[in-house]
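Asks: Next one to model:
(2 chains)
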There are 2 protein chains.
Amino acid sequence: MAKELTSRAQDYSQWYNDLILKGQLADYTAVRGCMVIKPYGFALWENMRDVLDKKFKDTGHVNAYFPLFVPKSLFEAEEKNAEGFAKECAIVTHYRLKNDPSKEGKLMVDPEAKLEEELIVRPTSEAIIWNTYKTWIQSYRDLPLLINQWANVVRWEMRTRLFLRTAEFLWQEGHTAHATKEEAIIETEKILDLYADFAENWMAMPVIKGIKTANERFAGAEETYCIEALMQDGKALQAGTSHFLGQNFAKAFDVKFSDKENKLEYVWATSWGVSTRLIGGLVMAHSDDDGLILPPKIAPLQVVIVPIFKSADEKKMLDEKVDELLKQFKDLNIRVKYDDNDNARPGWKFAQYELQGVPVRLAIGVRDLGNNVIEVARRDTKTKTSVDLNGISNYVKELLDEIQLNMFNKAKQFRDERITNADTWEEFVNILDTKAGFVSAHWDGTPETEEKIKELTKATIRCIPLNNEQENGVCILSGKPSKERVLFARAY
Amino acid sequence: MAKELTSRAQDYSQWYNDLILKGQLADYTAVRGCMVIKPYGFALWENMRDVLDKKFKDTGHVNAYFPLFVPKSLFEAEEKNAEGFAKECAIVTHYRLKNDPSKEGKLMVDPEAKLEEELIVRPTSEAIIWNTYKTWIQSYRDLPLLINQWANVVRWEMRTRLFLRTAEFLWQEGHTAHATKEEAIIETEKILDLYADFAENWMAMPVIKGIKTANERFAGAEETYCIEALMQDGKALQAGTSHFLGQNFAKAFDVKFSDKENKLEYVWATSWGVSTRLIGGLVMAHSDDDGLILPPKIAPLQVVIVPIFKSADEKKMLDEKVDELLKQFKDLNIRVKYDDNDNARPGWKFAQYELQGVPVRLAIGVRDLGNNVIEVARRDTKTKTSVDLNGISNYVKELLDEIQLNMFNKAKQFRDERITNADTWEEFVNILDTKAGFVSAHWDGTPETEEKIKELTKATIRCIPLNNEQENGVCILSGKPSKERVLFARAY
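Replies: Model prediction:
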């Protein structure tokens, strides 16, 4: 019996939760705002992580690991960064529990084990890393420093949602140090391109590359670059950010290097990250009312084979053929599973793999065997075809590529149809309420107007697209002159 | 200029720190007891992790990720486990900072943001995981559950040492659930074998498999299996543990399943882990007064090629040849680097790679090129040979295998020579003070005697070896009868 799902039309938000929970990606825990990433969800994350990790290494980055804790005095050193995260951080104040004298078998915080200085559980690691870089960087020969770490971080969010906004999440954070401003900006942009490539060509999720306005900038950055994706409910999702940090952290932590002329200069910095939030985006970019639809390139399982039989003899005949197929698939590096578990009927399995978004499902019975064919079902289009068993592995290999491409094209078409120009306030509000998606509109460039628009419509400026077309216009709210359109949307 | 190292004879402990710090494995940070794992050290950890991860997956385990925090009420549910870790845990009590009104630009913990229930930063995850398993396990069909996670944990140790004992460390922790006691014990032993195989065949570090006494058992376990290694100063190192947890956690968290006869039973559990501590063991098992010696199978870099030249023309000739070699090495999956950085002289590079333990160093000059040879230097034996360039890649490939084996054999001989029988108290004390290593001696089986021996000599029972020979004897301290010898040592 497959579990019943809420449809998108019924309740989009519940649909999303159903997919995450019943699709076995994650589960709630007893810890407020923290989830457990279940094995199926974690296998998806591992695939994403491995692709990104290779891309980082191929572009000269190395991994390291910095402490989980940031002493308060370091945390507050870069003031804007501290201000940005102070309101949502978990704070360690004690290092020991003791028996609670008033409650048998219970423990209490030992008041005598109070830390002299509180430790912040890292919400991001610029502070602890730049305090360390201070001892690693003396000369231009020590630069650039191109370091990434895979880590857990904690931000005490008040309203949490599985994957999209959790108190603890997993991410990677790159922290690079450079001798010149130009080099740091090139790095920031290189990573933005890397993220966009990953989102589009691996997650099949089209993104718009752009720059954040001052209001939406990372706390402590000079410039925040981002990739923005569109979800099926017309809301935008910030899918990755790459920050040019200028010399802010170098100045806060006094990190200088002597250049080739032996002159002391502050170091230039970047930082950049993507997180398990991407999985939330992946779910909402592609899935349907029957469950998840996962892009083949990162799906934990690409192909599942379900046998259909009435007797042990029939099963044995199928097993023999499937053993051959498994070998063929594995030779092509296809992630395949033969589900011959006899606790569940084929129909139940079909629904379950549909729910879990396995790109290709193969079903084979004895009659198929006699006809030398196998039934091939695509998760993305839900079409079924009977395919000759000769050459089936190459057929499936090509089909996986086709599904990957089809998912991207479909998502891109959906997104492209939802970038709408608005030239007046009425148009702007109307589009947000009736069509949703990105609204491309003129804005006078002031934080005040941006804030006002957010108050009135809940829409924010998602980004100023890179290589944005310059055109004269007037701000939709203030009527003041503007040189370019920016992209607004309601967002996650 | 190579950095000067303390020798083992001078100060073993300082030698160890020198190797870690100057060998670029790790560094101190501003956070008490927490280190940063530097890129070279982290690449080593990644290699170790990848091998272990594949072994776990090949034996049917899957990865997941559980929360960093354990609410106090869950933490204290399994009393022995709670008692074991209560005295050394980091506790989150607040979730917000605010501006300190008394200090411009400084932050303070916001007293109004006190958590209703304190959160413990996980020192180990049995509690949070078994509380989650409760909702995942209903029937025998849900078992076994074979889950591992790679994570950071925090234990507030008073005296810390790089890698060996840090407040935060990285590890993997497996947590499995089974329908029967027998199956859980088989799992516990299977993982012990896996750890021993990894230690011996990848880290080249011989280990003794055994069982801990009640005193040394993991808090909350019925039985703790361990692998014990010997360091060059004659002290033992617990390198990995695998625990049979019985039904302790199932009872504490009320995790029951209905068996095939529809009867409700408590679930049987195991947990097991190895950590970044292994790197400390690796360093102390193999290295010498000139630096690290890393086993080829997990060394971040297996081969380094250093060119020796006087002019740009000479350099160009060498480059051409080395390009060929690099291709050949990479085709054989050898991790190789060509160090043609002209900021440093060959001698400096030789010392640096020696310090960092790169297994094979190749040096080539123009005269070598003329003779079609290259100089091959082994890190483990410090021998140098001139080798024909034809077939050099296969030569090096075989040499790497030989080094791996030689390192294991050398460490094994060292270890085997330091397992000494003691039949009287005088012998026992004398061996500990003059020869060190493991002392195999009779013990009366009581925690009191074990405790007394520890007080008197600082030696603990490292383990009761698996498949231990049974022989009648008398306890070295109490003179009471004993059926078998156990292994004592002073330990890290």
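Asks: Tell me where the stretch 51-200 of chain A has helices.
Replies: Taking DSSP state H, counting those that start in this stretch as the test, the helices found in the stretch 51-200 of chain A are A:72-75, A:79-85, A:126-136, A:181-201.
Asks: helices or strands next to the longest one in the packing?
Replies: Applying 3 or more CB pairs under 8 Å, 6 or more residues apart in numbering or on different chains; DSSP states H and E, one finds that helix A:181-201 makes contact with helix A:39-58, strand A:168-178, strand A:208-211, strand A:223-230, strand A:236-246, strand A:268-275. Bear in mind the C-beta positions are built from the backbone N, C-alpha and C, glycine included.
Asks: could you give the angle of it to strand A:168-178?
Replies: Taking axes from the mean of the first three to the mean of the last three CA atoms, to 10 degrees, one finds helix A:181-201 and strand A:168-178 inclined to each other by 140 degrees.
Asks: quick one: A:Asp331 from chain B, how far?
Replies: Computed as CB to the nearest CB, to the nearest Å, the A:Asp331 to chain B distance reads 18 Å.
Asks: hang on, the earlier thing: could you point out which of the helices and strands packed on helix A:181-201 sits nearest chain B?
Replies: In terms of CB to the nearest CB, the element of those nearest to chain B is helix A:39-58, at 3.9 Å.
Asks: For the closest one, buried residues please.
Replies: By neighbour count with 16 or more other CB atoms under 10 Å in any protein chain shown, helix A:39-58 contains the buried residues A:39-49, A:51-53, A:55-56.
Asks: out of the residues you listed, which touch chain B?
Replies: When contact is defined as CB under 8 Å from any CB of the partner chain, those meet chain B at A:39, A:41-43, A:45-46.
Asks: Name the member of those with the shortest distance to A:Arg155.
Replies: Nearest to A:Arg155 among these is A:Trp45, at 18.4 Å by CB to CB.
Asks: Tell me the residues of the stretch 201-350 of chain A that contact chain B?
Replies: Residues of the stretch 201-350 of chain A lying near chain B by CB under 8 Å from any CB: A:Asn343.
Asks: what's around the closest residue to chain B within the stretch 201-350 of chain A, how many residues?
Replies: Scanning the stretch 201-350 of chain A for proximity to chain B using CB to the nearest CB identifies A:Asn343 as nearest, at 6.1 Å. Applying other CB atoms under 10 Å in any protein chain shown, we find 7 residues neighbouring A:Asn343.
Asks: Isn't it up against B:Arg141?
Replies: Yes: between A:Asn343 and B:Arg141 there is a contact at 6.1 Å, judged by CB atoms under 8 Å.
Asks: Centre of the chain to the helix or strand of chain A with the lowest mean pLDDT, how far?
Replies: Within chain A, confidence by mean pLDDT, DSSP states H and E is lowest for helix A:79-85 among all helices and strands, at a mean of 93. When distances are taken as CA atoms, centre = their mean, to the nearest Å, helix A:79-85 is centred 23 Å away from the chain's centroid.
Asks: residues in contact with it?
Replies: Helix A:79-85 has contacts (CB atoms under 8 Å, 6 or more residues apart in numbering or on different chains) with A:75-76, A:123-124, A:126-127, A:155, A:218-220, A:248-249, A:252, B:97, B:105, B:107.
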